[in-house]
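Peer 1: Predicted model, plus sequence, below.
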Amino acid sequence: MATKVLTDADILNRIGNTPLVKLESLSNGKVNYYAKLESHNPFGSVKDRAAYWMIKDAEEKGRLKRGETIIIEPTSGNTGIALTGIASILGYKVEIVIPEKASEETKKIISDLGATIHQTSDDLCPKVGAGTDQSIALATSIASSRPDKYFSPNQYSNEANYMGHYRGTGPEIWKQTEGRITHFFTGVGTGGTVTGISAFLKEQNPKVKTIAVQPQQNHLIQGLRNFEESAKPDLFLRRENVVDDWITITNEQAFAAVKEIFQKEKLLVSPSSAAVYAGMKNYPIDEGHVVGIFADDGRKFKSLYAQQKIFTEGDFDLALKEAKHLSNIVYL
């Protein structure tokens, strides 16, 4: 049987409508736990949604011209992958500002997809955390110096980032849980995911409780921000009241959860997804239906997991063969 060749339209049509999977290891007679697997987006993460909405919004407003405008964006990983992949399909060149300490796999994916990469030194921009603000400043500076050539979507303030989740992810979760969701967990980076989904869910049922998961200070969780050491993005500040509670997860808890999820659920997840799992596990809930956003899977963290002694290279390769719910990602 011949393998179907995906067209550009097929790829873009795969953005959204990701599966909701029950976490049997956390669920019991009174509480059901679910993971929203955003790795099933075509470029492998929740950021496909924001990237697509930001590009389409900029096109509608005349900010982008195909074949002329260069898109530049600061990122610790997933947004860079999503923007580069989607923008290339739509006819744009992309430049990505990324910290040196982002995983080597992440940087290679972005480069292989066709982006020019600007790496910031570790002392200026540690892979996540306070230095991310410097990464934003660098991309903004490049874009503002040549507005005729460059456009920065700036996911940290772009309302289209929020709308992608308010109109997409939130309604999906409401439908998939048949309106029974009681608690919503997600990590926070730009604030688009937590505010967009939560705003929609609370409009349907004001009693839905949103718990934001943040990493410890000086953390190793690519894609998340600790707001004690890093400024709250404008996008988050506009609607931060939708967050009902916070839980902080340590590096140790997050990386231990990577292994626990694989052992108990056969899911190979990213550190940020594992942090959300740890948050769900450690937060007291008596009854209800709980949904957590698993932003991406673990396939681009092989070197990091070896460094953190989570999986040896051999164990990681075996996990790839045994893992459930791994999606077909465009760049793999």
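Peer 2: Sure thing, it's come through.
Peer 1: Just say helix, strand or coil for Thr169.
Peer 2: Following DSSP: H, G, I helix; E, B strand; the rest coil, we place Thr169 in the helix state.
Peer 1: Would you mind measuring from the residue lying closest to it once chain neighbours are set aside to His165?
Peer 2: In space, and not counting its chain neighbours, Thr169 is closest to Ile197: 5.1 Å by Cβ to Cβ, 6 or more residues apart in numbering. For the C-beta atoms, the positions are set from N, CA and C on the backbone; glycine is no exception. Here Ile197 is placed at a distance of 5 Å from His165 (Cβ to Cβ, to the nearest Å).
Peer 1: Also Ala58?
Peer 2: Distance of Ala58 to His165, given as Cβ to Cβ: 18 Å.
Peer 1: more neighbours, these two?
Peer 2: Neighbour count, other Cβ atoms under 10 Å: between Ala58 and His165, His165 has more, with 27 against 20.
Peer 1: That one is in contact with Gly196, isn't it?
Peer 2: Yes: His165 is in contact with Gly196 according to Cβ atoms under 8 Å; the separation is 2.7 Å.
Peer 1: which stretches of the stretch 1-150 of the chain have low pLDDT?
Peer 2: Applying pLDDT under 70 to the stretch 1-150 of the chain picks out residues 1-6, 121-135.
Peer 1: Tell me where the chain has strands.
Peer 2: For the chain, the strands defined by DSSP state E occupy 20-22, 31-37, 70-74, 93-99, 116-120, 150-151, 183-187, 209-215, 245-249, 288-294.
Peer 1: Those: which one's closest to Leu201?
Peer 2: strand 183-187 (6.0 Å; Cβ to Cβ).
Peer 1: could you give the angle of that closest one to strand 288-294?
Peer 2: Following axes from the mean of the first three to the mean of the last three Cα atoms, to 10 degrees, one obtains 20 degrees for the angle between strand 183-187 and strand 288-294.
Peer 1: List the strands paired with strand 183-187, with their directions.
Peer 2: strand 209-215 (parallel), strand 288-294 (parallel) (DSSP bridges).
Peer 1: Any idea how far that strand is from the middle of the chain?
Peer 2: Distance of strand 183-187 from the chain centroid (Cα atoms, centre = their mean, to the nearest Å) equals 13 Å.
Peer 1: Output that strand as CSV - backbone C-alpha positions only.
Peer 2: Extracted in CSV, the C-alpha atoms of strand 183-187 (Å, rounded to 0.1, in the frame of the first residue of the first chain):
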residue,chain,number,x,y,z
HIS,A,183,-10.1,21.5,36.9
PHE,A,184,-7.6,22.7,34.2
PHE,A,185,-3.8,22.5,34.5
THR,A,186,-1.2,23.9,32.1
GLY,A,187,2.3,25.3,32.2
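Peer 1: pLDDT of that strand, averaged?
Peer 2: Averaged across strand 183-187, the pLDDT comes to 98.
Peer 1: Make a markdown table out of the strands of the chain and add distance to Leu83 and mean neighbour count.
Peer 2: Shown next, in a markdown table, are those (distance: least, Cβ to Cβ, whole Å; neighbours: other Cβ atoms under 10 Å):
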| stretch | distance to Leu83 | mean neighbour count |
| --- | --- | --- |
| strand 20-22 | 26 | 14 |
| strand 31-37 | 21 | 22 |
| strand 70-74 | 6 | 26 |
| strand 93-99 | 6 | 23 |
| strand 116-120 | 12 | 17 |
| strand 150-151 | 11 | 20 |
| strand 183-187 | 19 | 26 |
| strand 209-215 | 23 | 23 |
| strand 245-249 | 27 | 17 |
| strand 288-294 | 19 | 24 |
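Peer 1: if we look at stretch 224-239, which residues are touching it?
Peer 2: 128-130, 132-133, 155-159, 161-162, 187-192, 194-195, 198-199, 213-219, 240, 248, 272, 275 (Cβ atoms under 8 Å, 6 or more residues apart in numbering).
Peer 1: picking up where we left off before, go through the strands paired with strand 183-187 and name the closest to Leu318.
Peer 2: Nearest to Leu318, of all those, is strand 288-294, at 21.1 Å by Cβ to Cβ.
Peer 1: chain center to the closest one: distance?
Peer 2: That offset, for strand 288-294, works out to 16 Å (Cα atoms, centre = their mean).
Peer 1: Domain parsing of the protein, as residue ranges.
Peer 2: Residue ranges for the domains of the chain, per automatic domain parsing: 8-40+169-322, 47-151.
Peer 1: how about those domains in TSV, adding distance to Val330?
Peer 2: Formatted as TSV, the domains of the chain follow (distance: least, Cβ to Cβ, whole Å):
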stretch	distance to Val330
domain 8-40+169-322	6
domain 47-151	6
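Peer 1: Helices of the chain, residue ranges please.
Peer 2: 8-13, 47-60, 78-90, 104-112, 132-145, 159-164, 170-176, 192-204, 234-237, 251-265, 271-282, 302-307, 313-322 (DSSP state H).
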